[in-house]
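> Fold the following for me, if possible:
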Amino acid sequence: MFTFFSYTFDIHFLLNAVGVLGSLTYIAGFGMVQTRVICGNGIVYCCLQITAATCVLISLNSSFNLASFIIQISFATIGLFGLMIKLRDRRKAHNSVRSTPPPQQHEGMIHSKSRSITA
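Reported below is the predicted structural model:
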């Protein structure tokens, strides 16, 4: 605890607040997936999980818990890996749409239509 501009600042309180924010982020993300506000396979949910895990990891500096540390590292690592895959897939899909030429009608299709109309 130290004094900063005549205010008493407790680092443990701040770390616990960050941990509570992380817990609320976990709960909010899970609630939004269950109520179909966001997709569980989407980028938003992935970012929420990474943010929540990071917040809880920061709070572990106040009072370390090995089991919680392992869980949070796992969530953050898996979340980052999943986010990289999602962003890569999105980039591939965006590039394939841009590089695909517009469909052209073949002359055989035009002749077959004109034959059915004239016949």
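> show me where this protein has helices.
11-34, 43-59, 66-99, 107-118 (DSSP state H).
> and those, which is most packed in?
helix 43-59 (a mean of 20; mean count of other C-beta atoms under 10 Å). (Each C-beta comes from the backbone N, C-alpha and C, glycine too.)
> hmm, who's touching that one?
Helix 43-59 is contacted from outside by 15-16, 18-23, 25-26, 28-29, 32-33, 38-39, 68-69, 72-73, 75-76, 79-80, 82-83, 86-87, 90, using C-beta atoms under 8 Å, 6 or more residues apart in numbering.
> Let me have the helices of the chain in JSON lines, extended by mean pLDDT.
Supplementary listing: these in JSON lines, determined by pLDDT from 0 to 100:
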{"stretch": "helix 11-34", "mean pLDDT": "96"}
{"stretch": "helix 43-59", "mean pLDDT": "97"}
{"stretch": "helix 66-99", "mean pLDDT": "93"}
{"stretch": "helix 107-118", "mean pLDDT": "52"}
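> Can you tell me how far the closest residue in space to Leu60 that isn't next to it in sequence is from Lys92?
Closest residue to Leu60 apart from its sequence neighbours, by C-beta to C-beta, 6 or more residues apart in numbering: Phe69 at 5.7 Å. From Phe69 across to Lys92, the span is 35 Å (C-beta to C-beta, to the nearest Å).
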